[in-house]
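A.B. asks: Have a look at this prediction, sequence included:
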Amino acid sequence: MSVQSPISSVNDFVVRFANVNGSGSASANELFARSILRHGVPVSPRNIFPSNIQGLPTWYEVRVTEAGHLGARGGVDLMVAMNPQTWDKDVASIEPGGYLFYDSTKPMPSSKFRADITVIGVPLTAITNSTYTDPRQRQLFKNIIYLGALCALLDLDPKLVEQLIGEQYKGKEKLLSSNVHALHLGRDWALQNLKCPIGLQVKKSDKVGDRIFMEGNSAAALGAVYGGATVCAWYPITPSSSVAEAFTSHCKKLRHDPETGKAKYAIVQGEDELASIGIVIGASWNGARAFTATSGPGISLMTEFIGLSYFAEIPAVIMNIQRAGPSTGMPTRTQQCDIIACAYASHGDTKHVLLFPEDPAEAFEFAAQSFDLADRLQTMIFLMLDLDIGMNHRLCRPLKWDDARQYDRGKVMTAEMLNEPGRDFGRYLDVDGDGIPYRTYPGTHPTKGSFFTRGTSRDRYARYSEEGAIYADNMQRLVRKFETAQDMVPRPLQANAARPTKYGVIYFGSTSPAMDEAIGILEARGHQLDRMRIRAFPFHSSVASFIADHDFVYVVEQNRDGQLRQLIVNENGIDPVRLVPILHYDGTPITARFIANAIGDHQDHLKVTPLRKAVS
Amino acid sequence: MTYIAKPKFQHPGLPKNELGYTHRDYEGKVSTLCAGCGHDSITASIIEACYELSIEPHRVAKISGIGCSSKTPDYFLGNSHGFNSVHGRMPSVLTGANLANRDLIYLGVSGDGDSASIGFGQFAHSIRRAVNMTYIVENNGVYGLTKGQFSATADRGSKSKKGVMNTDNAIDLVAIALQLGASFVARSFSGDKSQLVPLIAAAIRHKGAAFIDVISPCIAFNNHAGSTKSFDYVREHNDAVNRLDVLTGRDPISVEYAPGTVQVVEQHDGTRLALRKIDADYDANDRLAAMTFLQKHAAKGQVVTGLLYVDPDAEDLHTHLDTVETPLNTLEAKDLCPGSAALEKINASLR
């Protein structure tokens, strides 16, 4: 093996913790990530975990990135190898010149290491066992002890870590002091026995600013609170369960009547996804704002009701936290694989509105907006998150709310309106030409405005009809309504390259940070790309013009079949050869390295001199 | 037939209820079911019960699934909102509607196919959640719209119109409802309006999950010899445990009952249910006894009818969730949105 000099980097490296699921490592690892943030240095952490409660391998990766690249980077500079099960794979994954941190209590044969990495042994078990007798304490404090050792090795300010522990255990003095004690136990051992710091170091900076550190699922749930959702029905499914759980905890803090203490919300854990969406549709039909959160298999189960929502025009919101499919697929891995399934969910001719937030801040914003859109358009709105945004803490801009903002409840006819002389109420009557009819809430008026909601065909006055012309008239109005939606949903965001270029790239959702970083890498390689981030379906007209303005447009997505590309081709009548798919679908989050390599290679091929010219 | 408009003319002398509404004000469109269908008698009983209770017709939400029975909400309470939803999913839609506005009356209409097969799960869970509703199953033991297949409530050994013997065991929705904690459980027969009307009225006035199984013969596909859901069979095997009088308002019980022959139950809203005993030993406040009684009589081929169980102190889902008294669908941004100051605090906690 070649002699490799150790990696030397300040505020730009990747640390990966290899742990055993259920060992209590998660909170210590999160503490590590947060303490780097407190140094003013951005981090991007990711959970890589199995579909399991206890015993299987789990990893936590922290990308330390002063430059603010929040996508996954790929590769590991420092491996904290705490899981014997995955040792070989973990050691192999370290970048040449990287570092291996391990529990050296039991001697390991030299064959278990690599010559091109720096090996750092700390006898964690020995230190823990000589200090604690309770097995549970030994397990938990071992995690804090390795955190202490990392403090010394990476030159973290222990005061900042102590401060965080203080905030976490506020009011629980005993736990606070014992955690701080364990932290110093590890730190002191490292300072006395190891060469500290190593080549990877954290130096104080000011690159975090006022940004917040939040999970997308919690942000979406908070958006539902701010957006006025009062009914939530859900069925547990990874990776969406924490949406409903976060909604519950936000509501407990923010939604109880100060005088009576009673709840201004109702949350029901349904018996399955069918019941959950049924409850949501029943509540929305009756004028409440309601939502459910689910993932791919749940969407499959809900499709019959989704078609009813489309055809009977009942507002509703589904938050789909996408995971790798098909079938049970990889339930704890990320993908953007339900685009087609949601866009055209249900039998018959259907189309649905999809929103694609890029991070927790946008998840909050779009979640709140989805209730306005659902009411305004009287249809199903899908908030399309994925596991990468939903279940990882992401640094993002602070959440904002305008107190002057009112809810848009859409076209609802009140008793007063029904009493106006000459007022004609037809539930499916297109009075404004935008395809959106008026609705009434049940119980509005003793003699006017009632109608029978049904999934069967009916005329403009909600009367049952199987007349072909009447059916077609209604279906055409639904198309009109979908066209109206185009200008209501969040518009795509476009950013042009420094120099004029014939090439563009389209991307969406959690691909965003990796794409931003990839653009820099590609620029350095001499490739200029205009980019467009799509934020919703139906597509705004600027999507078609963006494609028309370029020779080729890359469509970057995290699924096998290029689902967004298919949707663009299908909806805009685009020649498929003009859209080049860049697809990442192994269940890990897409990286800048992957995008830059895939697009870079394609661009390099384009620059080959045509044979005809070369010969002549 | 729906293409025949129902005449709007009404006799000026039609009697009116306390609110000044006549019977006609509780009617809906003309039924499209077969002439003589048991379901139409149930429709008539719902109209009668709502008229007698002097309910504001538009304060009722009628929700159903898919099937012959689920079409019927179009044929009563024409000024109410109705929702003919998805097969077997009436209970979830009703649950959601109820959560959105606790002030309306929720009438769920379903059939045996809708509730005992595809919707068996939703039936069970809406009952165990104690949704405040009147859940009526129009039970004919057969799939009518698809022309005569057995449903899950068809008794083992009963014969289809084509002569096929049913070999599967029957699901008794009443027994299940009792087991799941329904706080009002009754069975009746579409051919016995005098029994059915007060049961529906009492169920509407009950706070909690009220379930009524109404045997309702399908004259097209399940009214032949060998069927256990035919008019003849049910008449012969009907074993009523009690007859019910629903007493509303503050009037004292005006009817004289012989001592020991009546059990009076007072519900939450002050409605009194006077149960005239037919079976002297039957106690409608005893869930366990009701379950045993039901099983014993079913084994003998008898169809037990009447108010089988009632818990007048029942709680409903809103009580369990401790929701505000104001209907959730009337809350506005000022009630629901915590505002920017609270958001700033949340931001600060995430740094």
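C.D. replies: Cool, got the structure. Numbering: from 1, shown residues only, chains lettered A, B, ... in the order given.

A.B. asks: Surely A:Cys342 forms part of a helix?
C.D. replies: Yes: according to DSSP: H, G, I helix; E, B strand; the rest coil, A:Cys342 belongs to a helix.

A.B. asks: Please report phi then psi for the nearest residue to it once chain neighbours are set aside.
C.D. replies: Excluding the flanking residues, the one nearest A:Cys342 by Cβ to Cβ, 6 or more residues apart in numbering or on different chains is A:Phe382, at 4.7 Å. Using the backbone N, CA and C atoms, a C-beta is placed for each residue, glycine as well. Dihedral angles of A:Phe382 (phi, psi; degrees, to the nearest 10) stand at phi -100, psi 120.

A.B. asks: quick one, what contacts B:Gln179?
C.D. replies: Neighbour list for B:Gln179: B:Met291 [criterion: Cβ atoms under 8 Å, 6 or more residues apart in numbering or on different chains].

A.B. asks: any idea how far A:Thr328 lies from A:Pro297?
C.D. replies: Per Cβ to Cβ, to the nearest Å, A:Thr328 is found 7 Å from A:Pro297.

A.B. asks: which of the two has more neighbours?
C.D. replies: When neighbours are counted by other Cβ atoms under 10 Å in any protein chain shown, A:Thr328 and A:Pro297 differ, and A:Pro297 comes out ahead with 17 against 11.

A.B. asks: who's in contact with the residue nearest to A:Cys342?
C.D. replies: Shown in contact with A:Phe382 (Cβ under 8 Å, 6+ apart): A:Val317, A:Ile318, A:Met319, A:Asn320, A:Cys342, A:His352, A:Val353, A:Leu354, A:Leu355.

A.B. asks: Among these, which lie within helices?
C.D. replies: Mapping the contacts of A:Phe382 onto helices (DSSP state H) picks out A:Cys342.

A.B. asks: most neighbours, which of the contacts of A:Phe382?
C.D. replies: Going by other Cβ under 10 Å, A:Met319 tops those with 32 neighbours.

A.B. asks: Whatever residue of the stretch 101-250 of chain B ends up closest to chain A: what's it in contact with?
C.D. replies: Per Cβ to the nearest Cβ, B:His125 is where the stretch 101-250 of chain B lies closest to chain A, at 4.3 Å. For B:His125, the contact set (Cβ under 8 Å, 6+ apart) comprises A:Gly270, A:Glu271, A:Ala275, B:Pro91.

A.B. asks: could you flag which of these are buried?
C.D. replies: A:Gly270, A:Glu271, A:Ala275, B:Pro91 (16 or more other Cβ atoms under 10 Å in any protein chain shown).

A.B. asks: I'd guess the second one is in a helix, am I close?
C.D. replies: No: note on A:Glu271: no helix contains this position according to three-state DSSP, which reports coil.

A.B. asks: Is it correct that it is in contact with B:Gln122?
C.D. replies: Yes: applying Cβ atoms under 8 Å, one finds A:Glu271 in contact with B:Gln122, separated by 7.2 Å.

A.B. asks: in the stretch 201-350 of chain A, which spans are helices?
C.D. replies: Ranges of helices in the stretch 201-350 of chain A, per DSSP state H, counting those that start in this stretch, are A:216-226, A:241-254, A:273-285, A:296-312, A:339-343.

A.B. asks: so how far is the third one off the chain centroid?
C.D. replies: Read that as helix A:273-285. Helix A:273-285 sits 24 Å away from the centroid of its parent chain (Cα atoms, centre = their mean, to the nearest Å).

A.B. asks: Measure how far the direction of that helix deviates from that of helix A:296-312, in degrees.
C.D. replies: 30 degrees (axes from the mean of the first three to the mean of the last three Cα atoms, to 10 degrees).

A.B. asks: Residues of the stretch 351-500 of chain A that sit close to chain B?
C.D. replies: Contact residues (Cβ under 8 Å from any Cβ of the partner chain) of the stretch 351-500 of chain A with chain B: A:398-403, A:405-407, A:440-447, A:450-456, A:463-464.

A.B. asks: Which members of those are classed as buried?
C.D. replies: Of the members of these, the ones counted as buried by neighbours, 16+ other Cβ under 10 Å, are A:398-399, A:401, A:407, A:440-446, A:450-455, A:463-464.

A.B. asks: Flag every residue of the stretch 51-200 of chain B that's near chain A.
C.D. replies: Counting by Cβ under 8 Å from any Cβ, the positions of the stretch 51-200 of chain B adjacent to chain A are B:56-59, B:61, B:63, B:73-74, B:78-86, B:89, B:91-101, B:103-104, B:121-122, B:124-125, B:129.

A.B. asks: out of those residues, which are inside strands?
C.D. replies: B:Ala61, B:Ile63, B:His81, B:Gly82, B:Phe83, B:Asn84 (DSSP state E).

A.B. asks: and which of those residues is nearest B:Arg287?
C.D. replies: Relative to B:Arg287, the closest of those is B:Ile63; by Cβ to Cβ it sits at 26.6 Å.

A.B. asks: Tell me the buried residues in the longest helix along chain A?
C.D. replies: In chain A, with assignment by DSSP H, the single longest helix is helix A:173-193. Neighbour counts using 16+ other Cβ under 10 Å place A:176, A:178-180, A:182-187, A:189-191 of helix A:173-193 among the buried residues.

A.B. asks: For chain B, state which of the residues you listed is nearest.
C.D. replies: A:Leu176 (17.9 Å).

A.B. asks: Low-confidence ranges, the stretch 151-300 of chain B, go.
C.D. replies: Scanning the stretch 151-300 of chain B for pLDDT under 70 picks out B:250-256.

A.B. asks: quick one, what contacts A:Asn19?
C.D. replies: Counting by Cβ under 8 Å, 6+ apart, A:Asn19 has contacts A:Ser25, A:Ala26, A:Asn29, A:Pro57, A:Thr58, A:Trp59, A:Tyr60, A:Met82, A:Asn83.

A.B. asks: quick one: the third one is in a helix?
C.D. replies: Yes: counting by three-state DSSP, one finds A:Asn29 located in a helix.

A.B. asks: so who does it touch?
C.D. replies: So A:Asn29 contacts A:Phe17, A:Asn19, A:Pro45, A:Tyr60, A:Val62, A:Asn143 (Cβ under 8 Å, 6+ apart).

A.B. asks: show me where pLDDT drops low in chain A?
C.D. replies: Along chain A, segments meeting pLDDT under 70 span A:1-3, A:608-616.

A.B. asks: Got the domain ranges for it?
C.D. replies: Domain assignment for chain A, taken from automatic domain parsing, gives A:9-201, A:214-396, A:411-489, A:493-606.

A.B. asks: so how far does the last one reach from one end to the other?
C.D. replies: For domain A:493-606, the separation between the terminal residues is 27 Å (Cα to Cα, to the nearest Å).

A.B. asks: Distance from that domain to the middle of the chain?
C.D. replies: Relative to the chain's own centre, domain A:493-606 is displaced by 19 Å; criterion: Cα atoms, centre = their mean.

A.B. asks: What does the pLDDT read for the residue lying closest to B:Arg24 once chain neighbours are set aside?
C.D. replies: Spatial nearest neighbour of B:Arg24, excluding adjacent residues (Cβ to Cβ, 6+ apart): B:Gln10 at 4.8 Å. For B:Gln10, the pLDDT comes out at 76.

A.B. asks: What distance do you get for B:Gln10 to chain A?
C.D. replies: Distance, B:Gln10 to chain A, using Cβ to the nearest Cβ, to the nearest Å: 14 Å.

A.B. asks: Am I right that that residue is in contact with B:Tyr21?
C.D. replies: No: judged on Cβ under 8 Å, B:Gln10 makes no contact with B:Tyr21 at a distance of 11.1 Å.

A.B. asks: who's more crowded, those two?
C.D. replies: Just comparing B:Gln10 and B:Tyr21: by other Cβ under 10 Å the higher neighbour count belongs to B:Tyr21, 19 against 12.
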